[in-house]
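>>> after the sequence you'll find the predicted model.
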Amino acid sequence: MASSNASLDSLAKAVGALSSDELPRGFGEALAERIELNRPKDRQKQLRVAVTGQKRLAELPPEQVSRIERQTAGLGFRLQGLMQAQKWLPAMPGVRGRFSSSLCHRMSVGNPRVFVKNGFRESPDTAVHILLDSSGSMTDSGLMFANAVCYAVGKALQGIPGVNLGITAFPGANRAKRGATVAPVLRHGEKLTARFPEIAYGMTPMAESLWWVMQQMCLLRENRKIILIITDGEPDSIPAAQEAFKQAQKKGFECYGLGIMCSSIATLLPHTSRVIERLPQLAPALFGLLEGVLRRMTDTCRLCRLGLLTGMPLCLGKHIEWDCGTARQCRLSRFIAR
């Protein structure tokens, strides 16, 4: 009873307070004060929260769309073939499947693996989000080129089963609305169109855009999440962008960059970026960039995977052809040979 009276007295005192200074602090005020105390003194390291806007989009001219599809036709076919190669599983000995007369000798030693069965490996579900730089440094001609690159990449990726595509332009500001940071162009699950940003305007809030995209992609069901940045210059804050990339990698995101007639992206992503100056360069650059992304590279060659069944490496550590078509020394054979 005494505690109840004390609570009522506290409530009455709070309600009857004459000024806001006498009111008890709420959680939001305490949090704001703590954030203010921990705010970095260097403005380059400060990070603002991304604000969503609506960028004015325009349809790419039909003749430009035809030219883009004609110049990058091989990109979709090569990526599609890459995914098909990843799905196929060779015939492997087992206890179920089709009887193989060539494996009958195993029965003499009590080995029941005399059946083979072909199958398909599930292609990894992959969510790809393209961050398209539409800042003022792009200029009109640079933005047209970046839009063409983005459309070609999106067209190739969306045609691959298991790839969930999204596109966001940054900044989201235009001459009508200047405070926006990001502007969704294509949300995940939607069908790709030829509508892209019409005006190059504003700064380059790459760090804020990265954090916003990571937040959006965390809600997706795909296990693999890739962020591809198409840009022509440096971000507003290099330290903030570096920290965003660092945190993205820690959280399992794979970040890749395409520089549009500028190599500044290489300072942020030195090992996972390419620079292109003409549209025909896109197919080899993107394929070289995404080949290891869309394929889960294995550390064993074909013969060593068969050797796992017998307990010995059949390739004997020599250089042989892997599933990816390259010739390297099998790591598993080197390990077993020790």
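Structure received. These figures come from a predicted structure and were not determined experimentally.

>>> next one, pLDDT for the residue lying closest to residue 279 once chain neighbours are set aside please.
With sequence-adjacent residues excluded and distances taken as Cβ to Cβ, 6 or more residues apart in numbering, residue 279 is closest to residue 71, at 5.1 Å. In short, each C-beta sits where N, CA and C put it, glycine included. pLDDT, residue 71: 82.

>>> so where do the strands sit in the stretch 1-150 of the chain?
For the stretch 1-150 of the chain, the strands defined by DSSP state E, counting those that start in this stretch cover 57-59, 88-94, 98-99, 115-120, 126-133.

>>> give me the contact list for the shortest one.
Going back to what we said before, that points to strand 98-99. Contact with strand 98-99 is made by 114, 115, 116, 117, as judged by Cβ atoms under 8 Å, 6 or more residues apart in numbering.

>>> can you give me the neighbour number for the third one?
Taking other Cβ atoms under 10 Å as the neighbour definition, residue 116 ends up with a count of 17.

>>> dig out what it forms beta bridges with.
residue 93, residue 98 (DSSP bridges).

>>> now it: how far from residue 110?
19 Å (Cβ to Cβ, to the nearest Å).

>>> quick check: residue 212 is in a strand.
No. Assessed by DSSP: H, G, I helix; E, B strand; the rest coil, residue 212 does not belong to a strand; its assignment is helix.

>>> and it, what does it touch?
The contact partners of residue 212, by Cβ under 8 Å, 6+ apart, come to 50, 52, 168, 181, 182.

>>> likewise for residue 106?
Per Cβ under 8 Å, 6+ apart, neighbours of residue 106: 93, 112, 113, 114.

>>> again, but for residue 148
By Cβ under 8 Å, 6+ apart, the neighbours of residue 148 are 60, 64, 68, 279.

>>> how many other residues sit next to the first one?
Applying other Cβ under 10 Å, we find 19 residues neighbouring residue 60.

>>> next one: residue 237
Neighbour tally, residue 237, other Cβ under 10 Å: 23.

>>> my guess is it contacts residue 207. True?
Yes. The criterion here is Cβ atoms under 8 Å, and residue 237 meets it with residue 207 at 5.8 Å.

>>> so where's the stretch 1-150 of the chain uncertain?
1-25, 27, 35, 39-47, 80-91, 118-124 (pLDDT under 70).

>>> run the last query once more with 50
For the stretch 1-150 of the chain, the stretches flagged by pLDDT under 50 are 18-20, 23.
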